[in-house]
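>>> Quick one: sequence and predicted model below, then my questions.
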2 protein chains.
Amino acid sequence: MDTPDFLLQKLTELNSGVSAVLLEDFARAMPLKKFRKGETIAPAGKVASEVFFVEKGCVRMLYYLESKEVTASFFFEGGFTGPCISMMFKTINQQVFEAFEDCHIRTLNFDTYMSLLRQQPCFYQLRSTIAESIMADQELIIRFFLSFTPMERYQYLIKNQPQLFMRVPQHHIASMIGITPVSLSRIRKRIAC
Amino acid sequence: MDTPDFLLQKLTELNSGVSAVLLEDFARAMPLKKFRKGETIAPAGKVASEVFFVEKGCVRMLYYLESKEVTASFFFEGGFTGPCISMMFKTINQQVFEAFEDCHIRTLNFDTYMSLLRQQPCFYQLRSTIAESIMADQELIIRFFLSFTPMERYQYLIKNQPQLFMRVPQHHIASMIGITPVSLSRIRKRIAC
DNA sequence: AGTATTTCTTAACTTTTGTTAATGAAAAGC
DNA sequence: GCTTTTCATTAACAAAAGTTAAGAAATACT
């Protein structure tokens, strides 16, 4: 019913060096929560207390700025995400996470996390591995903005994140690329002709 | 003469939870290397074997793209940096690091790092802390690109990284912002009037 | 000190993006 | 099934950025 098999599989794939038995303990410490489409999984404005694993559904991460919102990214089945910075550094969270579809989310609570690390210091290996893999993803995104034009960014996403186009409307993709929906529409026309 | 006092201070400030004695061992494992202005500290195109601490001078990080180069960032005294992703995941390095001024760099070699972690597993705490602090920096940069216009990015840098403007020519700052030097010049004019 | 190089600015022109508004198509809600 | 809302496209115009080139100012080098 509520077995964390999928999470365990993804934890294993990280190759953190932590034993299978311990990874099971870790996975079991992440209870399942369900969210309806549109619900907020983590709000901005306060210190976050938990991070997530997407078991089913799709999560949108966005920033609010002067009453406007900017979509930063989407996370699908198998993804680790959440307001890590707010939770780890106890800062006010700026990253809003919302269920973009009906979602099954496994959550890792800060206190649970700390107690796991205290009991079993080799979970620090897992922590390093997760942080470093997020770091690698972010480095790609930064390079994406620094060295690609909006058109190249769009083509990059088509090639590298095709699932995005099956599940997310175009105006959110425009936002991720850093342009308006109207501009993306024009870019698509330029490519087609 | 060659004591790693400054590095030790910065390691301590990370508040990783690792004891002062062990941090000293860690700092001593990072030998000092000197680079002349313009020299390459880490090249692209091969798997990186070490990461850095800037003890003196200024390091530029850049990407090559179709014979063009894009400046991504600068690191000054007290900064941890280097081709972490290449070193940790054994991938071909894309991030070029060069001495932008004459530099004193302390280097952490991959094998040394691994042996420190093996001997003293609590260095994993340090590893997590460093990875998470880089993650926080990168998250800011992504937000910087997603939600600011070029002019707002320029104003953000003036406010938050004034040392940049004392030590780095403007065309490199334009590159970091994601625009051409000509455009930055126009933005400066718009702000002045 | 004098020359060469780098850096910044400005101009003119092209290309791209933002903005606003209107239209039609598709999807969601009841 | 019908209405409402969301979404993508297009047009027209304004604003901003890219490109190329030229010139001035600052810097580096010998």
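That came through, no problem.

>>> pretty sure A:Leu32 is touching A:Arg106, no?
Yes: counting by C-beta atoms under 8 Å, A:Leu32 does reach A:Arg106; the two are 5.6 Å apart. Heads up, the C-betas are built off the backbone N, CA and C, glycines and all.

>>> Settle it for me: which of the two has more neighbours?
Per other C-beta atoms under 10 Å in any protein chain shown, whichever of A:Leu32 and A:Arg106 has more neighbours is A:Arg106, with 21 against 16.

>>> looking at it, that one is touching A:Pro31, isn't it?
Yes: taking C-beta under 8 Å as the definition, A:Arg106 is a contact partner of A:Pro31 at 6.8 Å.

>>> wait, does stretch A:150-170 contact DNA strand C?
Yes: counting by C-beta under 7 Å from any atom of the strand, DNA strand C has neighbours in stretch A:150-170: A:150-151.

>>> what comes into contact with that stretch?
Contacts to stretch A:150-170, defined as C-beta atoms under 8 Å, 6 or more residues apart in numbering or on different chains, come from residues A:58, A:74, A:76, A:100-101, A:144-145, A:148, A:173, A:176-179, A:181, A:183-185, A:187-188, A:190-191.

>>> so how far is the first residue of stretch A:49-61 from its last?
Distance between the two ends of stretch A:49-61: 16 Å, counting by C-alpha to C-alpha, to the nearest Å.

>>> Tell me the buried residues in stretch A:44-64?
By neighbour count with 16 or more other C-beta atoms under 10 Å in any protein chain shown, stretch A:44-64 contains the buried residues A:44, A:48-55, A:57-63.

>>> and what of stretch A:177-184?
A:177-179, A:184.

>>> which of those lies closest to B:Thr81?
Closest approach between the buried residues of stretch A:177-184 and B:Thr81, by C-beta to C-beta: A:Gly178, at 25.2 Å.

>>> Contacts only, for the closest one.
So A:Gly178 contacts A:145, A:150, A:153, B:145-146 (C-beta under 8 Å, 6+ apart).

>>> In helices, which of those appear?
Secondary structure from DSSP state H places A:145, A:150, A:153, B:145-146 of the contacts of A:Gly178 in helices.

>>> so, in contact with DNA strand D or not, the helix or strand harbouring A:Met135?
Following DSSP states H and E, the helix or strand that holds A:Met135 is helix A:123-147. No: Helix A:123-147 lies out of reach of DNA strand D by C-beta under 7 Å from any atom of the strand, never closer than 11.0 Å.

>>> for chain B, what are the nearby residues on chain A?
For chain A, the contact set with chain B under C-beta under 8 Å from any C-beta of the partner chain comprises A:63, A:65, A:70, A:72, A:84-85, A:88-89, A:94-95, A:121-122, A:124-125, A:127-128, A:131-132, A:134-136, A:138-139, A:141-143, A:145-147, A:175-176, A:178.

>>> still on that earlier bit, now do the shared contacts for A:Leu32 and A:Arg106.
A:4, A:55.

>>> interface residues of chain A facing DNA strand D?
Residues of chain A lying near DNA strand D (C-beta under 7 Å from any atom of the strand): A:169-171, A:181-182, A:184-186, A:188-189.

>>> can you list these in TSV and add secondary structure?
Listed next are these as TSV, based on DSSP: H, G, I helix; E, B strand; the rest coil:
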residue	secondary structure
A:Pro169	coil
A:Gln170	helix
A:His171	helix
A:Pro181	helix
A:Val182	helix
A:Leu184	helix
A:Ser185	helix
A:Arg186	helix
A:Arg188	helix
A:Lys189	helix
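
>>> Now a ChimeraX select for only the buried ones of the residues you listed.
Remark: buried members of these, expressed as a ChimeraX selection using 16+ other C-beta under 10 Å:
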select /A:184
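
>>> measure the closest residue to A:Phe80 other than its chain neighbours to B:Asp5 for me?
Excluding the flanking residues, the one nearest A:Phe80 by C-beta to C-beta, 6 or more residues apart in numbering or on different chains is A:Phe53, at 5.6 Å. Distance, A:Phe53 to B:Asp5, using C-beta to C-beta, to the nearest Å: 42 Å.

>>> ditto for A:Cys193
Relative to B:Asp5, and taking C-beta to C-beta, A:Cys193 is found at 63 Å.

>>> Check A:Asp2 too.
A:Asp2 is 53 Å from B:Asp5, by C-beta to C-beta.

>>> do the same with A:Ala20
43 Å.

>>> Could you count how many residues lie near the nearest residue to A:Ile187 once chain neighbours are set aside?
Spatial nearest neighbour of A:Ile187, chain neighbours left out: A:Met151 (5.0 Å); criterion: C-beta to C-beta, 6+ apart. By the criterion of other C-beta under 10 Å, A:Met151 has 17 neighbours.
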